[in-house]
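Asks: Structure, please.
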Amino acid sequence: MTDKYLGFKSGSDIRGLGIADESEPLYLSDDKVAWFTLSFLNWLCKKTGLNADELTISVGHDSRLSAHRIKTAVISALVYKNVKVIDCGMASTPAMFMTTVELNTDAAVQITASHHPKDKNGLKFFTKDGGLDGKDIEWVLENVSEEKIPVVPSPGNIVKQNFLQRYSEILREKICKGTGIYNSPLKGLKIVVDAGNGAGGFFAGQVLEPLGADVSASQFLEPDGNFPNHIPNPENAEAMRSVCDAVRNSNADFGIIFDTDVDRAACVGKNGYQINRNRLIALASSIVLDERKGATIVTDSVTSDGLSKFIEDHGGVHLRYKRGYRNVINKQIELISQGVDCPLAIETSGHAAFADNYFLDDGAYLITKIIIKLVNLRKQNVDLEDFIATLEEAVEERELRFDIKAADFKSYGETVIEKLKAFVNECDGWTLADNSYEGVRISADKDNGNGWALLRLSVHDPVMPLNVESLENGGADKILRKLKTFLSDFDGLDLKDFEKYGL
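Replies: Down below sits the predicted model:
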C-alpha cells in the first residue's frame with residue numbers, strides 16, 4: 001500500500017486536473033485514470049466476490065472538456081480485464097447510480113468534477129448500495145498497481161445506451177402519479193431551466209416539455225465544457241442572478257438551476273424569488289412533513305435558527321449535523337437503522353437525499369418533488385413562496401475563512417475550538433448551542449448580536465470557516481467584533497477576512 005496518490009482524494013470522489021500536462025502532480029493522465037479504474041475494479045471484486053469477467057459496469061460523463069479522453073481510459077481499463085461495459089455517454093451523476101437499479105449493473109462510474117472549474121475532472125463510483133465513502137476511495141488510491149494498459153478498447157465488450165431517456169421517463173411518471181394528472185399535468189406552466197451548459201439540459205426537453213410545460217425561456221441547455229455563461233453552481237451568486245433574471249424577464253411561473261452533474265439544484269419562484277439554501281431546505285422539509293409528522297430532517301451545520309423553528313412548527317425534528325453531503329446522508333441512514341423516521345437529508349449547498357430514492361443526492365429528483373408540490377398548490381391558488389412564508393430569515397449573513405499557518409493544522413484548529421468553548425461560557429449573552437456535532441455554535445441573545453455563529457475546522461484543508469447570522473442590522477458585526485478579540489490571540493490564524501467587513 002502507498003499514499004502516493006492520496007492527493008487525488010476529494011471527499012468521496014477522485015479528483016484532479018483533466019486539462020494539464022504530465023508535469024502537473026494532480027493531472028489525471030490516461031495511465032492514472034486506468035490505474036485508478038483497475039484499483040476500483042479490484043475493490044469491487046472483493047466486495048462482490050465476482051471475477052472481473054463476470055461484472056457489468058456502466059460509464060457516463062458530464063459536459064467537461066476532458067470527459068471523452070478520460071472515458072476512453074476508463075473503458076479501456078475495464079475492457080482490458082474483460083468487464084462488460086455499458087457506455088451511457090452524457091449523463092447526470094444520479095442517473096448513473098440509477099443504472100445499477102434499472103440496468104442491473106454491478107457498478108457505475110461517472111466522470112465529473114461537479115461545479116469545479118473547467119480544467120478539473122474526476123471519477124465518482126457507485127454500487128447498488130450507493131456511492132463509495134471516503135474510506136473506500138482511500139483504499140482505491142492506496143492499492144493502485146501501475147500496470148500498463150493499451151488505450152484501445154475492444155468494441156466487442158461495449159454496449160452504447162442513452163440511459164437519460166429511461167431516467168427522464170421515470171421522472172415524468174413520478175410527476176404524473178404525484179399530481180394525479182396523467183395528461184399534460186404541467187400545461188399552463190412556464191418553467192425556466194438553467195443547466196449552466198452542464199448535463200442538466202435534458203430536464204427541459206425530456207421531462208418538462210413532454211408533460212405540457214412551456215420551457216421556451218430556458219437557457220444554457222447545450223452541454224459546453226467551457227461553461228461560457230456562468231459557473232453551473234446553485235450556490236454561485238452570479239448563476240442565481242442569471243436564472244432569477246430569466247424568470248422575471250419571461251414572466252415565468254418557476255425556475256430551476258442545476259449544477260454540472262445534476263446532483264444539486266435550487267429553484268426560483270415568481271418574480272425571481274430565490275429558493276435556495278435555508279429556503280430550499282424549508283420547502284423540501286415541508287413537503288415530506290405534510291405526510292410524515294414527527295419525522296427527523298438531517299441538515300448540515302450552517303443552517304439557520306429560523307429553519308429549526310420552521311421544521312418544528314411543521315411537526316418535524318431538526319437534526320443539525322456536520323458539513324459534507326455524505327455526512328448528512330450517512331447520518332440519515334444511521335438514524336433509519338435505529339428506527340427513526342428520517343425521510344430527508346439535505347445540505348445548504350443543494351444536495352438532497354430522500355429515503356424513498358435510495359438515499360441518493362439527486363437534484364432532478366428534488367426538483368421533481370417540488371414541481372409536484374407546485375402543481376398541487378396551484379389547485380388551491382397557493383404559490384410556493386406562500387408555502388414557506390413563515391420561515392424566519394436572517395437580516396445579515398457573514399462567511400469568513402481563516403487559513404491555519406501551523407504545521408499540524410488539525411491539532412491547532414482543535415485547540416482554538418476548545419478555547420472558544422471556554423470563552424463563550426464566560427461571555428454575557430452568549431451560550432453554546434445544544435447538540436452541536438461540529439465546531440462551536442454560539443447563540444447570541446438580543447443584546448449581544450441577536451443571532452448565531454459557527455466556527456469549525458475544515459475536514460481536509462488547513463482552514464477554519466466562520467458563519468454568522470443576525471436577525472437585526474449591525475448584529476453580525478457585533479458578533480464578529482467579539483470573535484475577532486478572541487481570535488487575535490492565535491498567531492497561527494490568518495484573520496485577514498475580517499477586513500472584508502471593515503473590521
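
Asks: Tell me where the longest helix sits in the protein.
Replies: Ranked by residue count, the top helix of the chain under DSSP state H comes out as helix 30-48.

Asks: Show me what the helix or strand following it is packed up against.
Replies: Using DSSP states H and E, the next helix or strand after helix 30-48 towards the C-terminus is strand 56-61. Helices and strands touching strand 56-61, by 3 or more CB pairs under 8 Å, 6 or more residues apart in numbering; DSSP states H and E, are helix 67-80, strand 84-90, helix 93-102, strand 107-111. Quick note: C-beta positions are derived from backbone N, CA and C, even for glycine.

Asks: got the contact list for stretch 30-43?
Replies: 5, 8, 14, 16, 52, 55, 57, 69-70, 72-74, 76-78, 80-81, 83, 107, 109, 123, 125, 136, 139-141, 143-149, 151 (CB atoms under 8 Å, 6 or more residues apart in numbering).

Asks: Show me which residues of that stretch are buried.
Replies: 30-43 (16 or more other CB atoms under 10 Å).

Asks: for stretch 482-495, same thing?
Replies: So for stretch 482-495, counting by 16+ other CB under 10 Å, buried means 482-483, 487, 490, 492-493, 495.

Asks: what's it in contact with?
Replies: 402-406, 412, 416, 420, 423, 427, 430, 448-449, 453, 455, 464, 466, 468, 498, 503.

Asks: make it 6 Å
Replies: 402-406, 412, 416, 423, 498, 503 (CB atoms under 6 Å, 6 or more residues apart in numbering).

Asks: From these, list just the buried residues.
Replies: By 16+ other CB under 10 Å, the contacts of stretch 482-495 give 402, 404, 406, 412, 416, 423, 498 as buried.

Asks: Closest one of those residues to residue 158?
Replies: residue 404 (47.3 Å; CB to CB).

Asks: Make TSV from the contacts of stretch 482-495 and add secondary structure, pLDDT and distance to residue 234 to it.
Replies: Converted to TSV, those look like this (DSSP: H, G, I helix; E, B strand; the rest coil; pLDDT from 0 to 100; distance: CB to CB, whole Å):
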residue	secondary structure	pLDDT	distance to residue 234
402	strand	98	26
403	strand	97	26
404	strand	98	29
405	coil	96	33
406	coil	94	34
412	helix	97	33
416	helix	98	31
423	helix	97	35
498	helix	97	28
503	coil	91	29
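
Asks: Low-confidence ranges, the chain, go.
Replies: 1, 152-156 (pLDDT under 70).

Asks: the domain parsing of it - what is it?
Replies: Described in terms of automatic domain parsing, the domain architecture of the chain consists of the residue ranges 6-161, 166-387, 396-501.

Asks: Tell me the one of the buried residues of stretch 30-43 nearest residue 434?
Replies: Out of the buried residues of stretch 30-43, the member with the shortest distance to residue 434 (by CB to CB) is residue 43, at 39.6 Å.

Asks: which residues does residue 274 contact?
Replies: So residue 274 contacts residue 240 (CB under 6 Å, 6+ apart).

Asks: Next, the buried residues of the strand or helix carrying residue 424.
Replies: Using DSSP H and E, residue 424 sits in helix 409-425. Within helix 409-425, the residues scored as buried using 16+ other CB under 10 Å are 409, 412-413, 416-417, 420, 423-424.

Asks: Which elements pack onto it?
Replies: Packing contacts for helix 409-425, counted by 3 or more CB pairs under 6 Å, 6 or more residues apart in numbering; DSSP states H and E, involve strand 440-444.

Asks: What residues sit buried inside the very next helix or strand once past the strand it packs on?
Replies: Sequence-wise, the next helix or strand downstream of strand 440-444 (DSSP H and E) is strand 451-455. Buried residues in strand 451-455, counted by 16+ other CB under 10 Å: 451-455.

Asks: swap in stretch 319-332?
Replies: Buried, per 16+ other CB under 10 Å, within stretch 319-332: 319-332.

Asks: possible to save those as TSV with distance to residue 375 and secondary structure?
Replies: Formatted as TSV, the buried residues of stretch 319-332 follow (distance: CB to CB, whole Å; DSSP: H, G, I helix; E, B strand; the rest coil):
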residue	distance to residue 375	secondary structure
319	30	strand
320	31	strand
321	32	coil
322	35	coil
323	33	coil
324	33	coil
325	28	helix
326	32	helix
327	33	helix
328	28	helix
329	28	helix
330	33	helix
331	31	helix
332	27	helix
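
Asks: and which of these is nearest to residue 132?
Replies: residue 326 (9.4 Å).

Asks: So the closest one is in contact with residue 10, correct?
Replies: No. The criterion here is CB atoms under 6 Å, and residue 326 misses it with residue 10 at 11.4 Å.

Asks: residues shared between the contacts of those two?
Replies: With CB under 6 Å, 6+ apart, residue 326 and residue 10 have no common neighbours.

Asks: Quickly list what the residue most central in space within the chain is bridged to.
Replies: The centroid of the chain falls nearest to residue 351 when counting by CA atoms, centre = their mean (3.5 Å). Here residue 351 sits in beta bridges with residue 264, going by DSSP bridges.

Asks: residues in contact with it?
Replies: Neighbours of residue 351 in contact, by CB under 6 Å, 6+ apart: 264, 325, 361.

Asks: Reformat the residues you listed as TSV; add distance to residue 225.
Replies: Listed next are those as TSV, based on distance: CB to CB, whole Å:
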residue	distance to residue 225
264	18
325	23
361	22
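
Asks: And these, which is closest to residue 101?
Replies: Nearest to residue 101 among these, with distances taken as CB to CB, is residue 361, at 15.3 Å.

Asks: what bridges to the closest one?
Replies: residue 353.

Asks: Which parts of stretch 436-453 count as buried, going by neighbours?
Replies: 436, 438-444, 448-453.

Asks: actually stretch 203-222, not the one I typed
Replies: Neighbour-count burial for stretch 203-222, counted by 16+ other CB under 10 Å, picks out 203-204, 206-209, 211, 213-215, 217-221.

Asks: circling back: and the angle for the helix holding residue 424 with strand 440-444?
Replies: 20 degrees (axes from the mean of the first three to the mean of the last three CA atoms, to 10 degrees).

Asks: then helix 409-425 to PDB, C-alphas only?
Replies: Extracted in PDB, the C-alpha atoms of helix 409-425 (Å, rounded to 0.1, in the frame of the first residue of the first chain):
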ATOM      1  CA  PHE A 409      -3.400  22.300  11.400                       C
ATOM      2  CA  LYS A 410      -5.900  19.800  12.800                       C
ATOM      3  CA  SER A 411      -4.400  19.900  16.300                       C
ATOM      4  CA  TYR A 412      -4.100  23.700  16.100                       C
ATOM      5  CA  GLY A 413      -7.700  24.100  15.000                       C
ATOM      6  CA  GLU A 414      -9.000  21.800  17.700                       C
ATOM      7  CA  THR A 415      -7.200  23.900  20.300                       C
ATOM      8  CA  VAL A 416      -8.900  27.000  19.000                       C
ATOM      9  CA  ILE A 417     -12.300  25.300  19.200                       C
ATOM     10  CA  GLU A 418     -11.800  24.100  22.800                       C
ATOM     11  CA  LYS A 419     -10.600  27.500  24.000                       C
ATOM     12  CA  LEU A 420     -13.500  29.200  22.200                       C
ATOM     13  CA  LYS A 421     -15.900  27.000  24.200                       C
ATOM     14  CA  ALA A 422     -14.400  28.200  27.400                       C
ATOM     15  CA  PHE A 423     -14.500  31.800  26.200                       C
ATOM     16  CA  VAL A 424     -18.200  31.500  25.300                       C
ATOM     17  CA  ASN A 425     -19.000  30.100  28.700                       C
END
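
Asks: next helix or strand past that helix?
Replies: strand 430-432.

Asks: which outside residues touch that next one?
Replies: So strand 430-432 is in contact with 424, 442-444, going by CB under 6 Å, 6+ apart.

Asks: ok, residue 224 - contacts?
Replies: Residue 224 neighbours (CB under 6 Å, 6+ apart): residue 197.
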